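Below are the sequence and a predicted model for it; my questions follow.
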Amino acid sequence: MVRTASSAGSRGAGPPAHDEPTVTGEPASGRERRYHAPLLTPGTRLVLPAGVEAVPVRDFYTGPYAGSARSAWPYLSAADGSTVDASVLPARGAPTRVAVLSGFTEGWYKLLHTNGRSDRVSRDAGKLPFLWLYGEFGGTDEAPYRGRFYTLALQPFARNPYARAPRIR
């Protein structure tokens, strides 16, 4: 079950949403949450419980696979190979960040927006112990983005959805 709550004068904040994982041929997952500009701005912070680790997803747009470098949150290897503090959203034009987060002892995350709003999403970390993180910040010049997209998406999973090695083509 996934629960959401917003504070600080957010519009449309109703009762918490409830999502049960669905199981098909893919890993069981909770609902993907997407955050976009203008609410999502550089300086927005992603807060996670202590002990979370991040594994970058490589070649996301062509043949995604889990990278070999594991790091303690908030540090993450971005698409261009640089190490970034992924807890703070970057300025427009920054490289894409895609990772699978794990090691949750508590199933929640919180976004602290620069306008004072905060969004907290909770889930059962025993059933959905992985959190997929996708941040596109305008640094991708290829279609369809062409440097115009600024978004953060987060989705819980029951298992890591990416293989540990690149696909053979």
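That came in fine, so what should we check first?

gap between residue 38 and residue 150?
9 Å (C-beta to C-beta, to the nearest Å). C-betas here are computed from N, CA, C, even on glycine.

Give me the more crowded residue out of those two.
Using other C-beta atoms under 10 Å, the more surrounded residue of residue 38 and residue 150 is residue 150, with 24 against 7.

Excluding chain neighbours, what is closest to that one?
residue 37 (4.4 Å; C-beta to C-beta, 6 or more residues apart in numbering).

The most centrally placed residue in the chain is in what secondary structure piece?
With distances taken as C-alpha atoms, centre = their mean, the residue of the chain nearest its centroid is residue 133 (2.0 Å). Take DSSP states H and E as the rule and residue 133 turns out to sit in strand 130-137.

Can you list the strands that that strand pairs with?
Next to strand 130-137 in the sheet, as set by DSSP bridges, lie strand 94-102 (antiparallel), strand 150-157 (antiparallel).

right, so of those strands, which gets closest to residue 79?
Of all those, the one in closest proximity to residue 79, counting by C-beta to C-beta, is strand 94-102 (4.3 Å).

What mean pLDDT does the closest one get?
Averaged over strand 94-102, pLDDT sits at 89.

Work out the gap between that strand and the centre of the chain.
Here strand 94-102 is found 7 Å from its chain centre; the criterion is C-alpha atoms, centre = their mean, to the nearest Å.

Residues contacting it, please?
With contacts defined as C-beta atoms under 8 Å, 6 or more residues apart in numbering, strand 94-102 is touched by 48, 52-57, 60, 64, 66, 73, 76, 78-80, 82, 84, 86, 129-140, 157, 160-162.
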